[in-house]
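Student: Sequence and predicted structure below; questions after.
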Amino acid sequence: MVIDPGDDIDEILAIVARHKLRVTAIIVTHSHIDHIGGAKKMKAATGAPVYLNENDLELYKHLGEQALMIGVADPEKTEIDLSPKDGDTIRAGRIEATVIHTPGHTPGSICLLVPQFSDRDGVESLEPPTLIAGDTLFRGSIGRTDLRGGSTRTILKSIKDKLLPLDDAVIVIPGHGEETTIGYERVHNPFLQLN
Ligand SMILES: [Zn+2]
């Protein structure tokens, strides 16, 4: 499962080859250029389907605006194969990730809750799951909401209704910056302390 191939596709493919993996899903947490810019190249190289929530298709259509804003070439667009919806599960090997629709940073933003296995002395156990958070939740911050389709009220509602109910031990891997946990953000994230 490749999540958010913004760029550096050759680097991702080298990792895939080194571990002798086969990519079966390309999942885009939201349609910002640094998360989706390389999706076409990744799909061409692997043949795997591209997942993007349907509420971000409009944003994808206008990706050229984002390219212009940051002064890069408008990347070639890929075909979107599937729209992951809240509660859907996406399987890759033994892993079954659950989709959580968390609009606000963009209308179609999703997070993925991925169970973690560990195999100690031949005994398999389930570790705290990992939340792949896209640009919805960061360590000590939340995603910006001043771009097309963003809404501060909506992102706060998404985090409070869909992410904070998760267990404190859940590890959060944001789309940018350091990883964190739900428990840490519940206590320390200044955006989540009001009321
Ligand atoms: Zn973003």
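Tutor: Nice, thanks for sending it over. Numbering: from 1, shown residues only.

Student: going forward, measure contacts and count neighbours with C-alpha atoms only.
Tutor: OK.

Student: Report the outermost residue of the protein with respect to its centre.
Tutor: Checked against the mean C-alpha position of the chain, the extreme residue using C-alpha atoms, centre = their mean is D121, at a distance of 32.3 Å.

Student: separation between that residue and A14?
Tutor: Remark: distance between D121 and A14 (C-alpha to C-alpha, to the nearest Å) = 30 Å.

Student: after the host helix or strand of A14 comes which helix or strand?
Tutor: In this structure, A14 sits in helix 9-18 according to DSSP states H and E. Moving toward the C-terminus from helix 9-18, the first helix or strand encountered (DSSP H and E) is strand 26-27.

Student: Tell me how far that next one lies from the chain's centre.
Tutor: Centroid displacement of strand 26-27 relative to its chain, using C-alpha atoms, centre = their mean, to the nearest Å, is 9 Å.

Student: try stretch 155-168
Tutor: 15 Å.

Student: and it, C-alpha only, in CSV?
Tutor: What follows is stretch 155-168 as a C-alpha-only set of coordinates in CSV (Å, rounded to 0.1, in the frame of the first residue of the first chain):
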residue,chain,number,x,y,z
ILE,A,155,-11.8,20.0,10.5
LEU,A,156,-12.3,20.5,14.3
LYS,A,157,-15.6,18.6,14.1
SER,A,158,-13.8,15.7,12.2
ILE,A,159,-11.0,15.5,14.7
LYS,A,160,-13.3,15.7,17.7
ASP,A,161,-16.0,13.2,16.4
LYS,A,162,-13.8,10.8,14.5
LEU,A,163,-10.2,10.9,15.8
LEU,A,164,-10.3,11.8,19.5
PRO,A,165,-12.6,8.8,20.3
LEU,A,166,-9.6,6.6,19.3
ASP,A,167,-7.5,5.0,22.0
ASP,A,168,-4.8,7.2,23.6
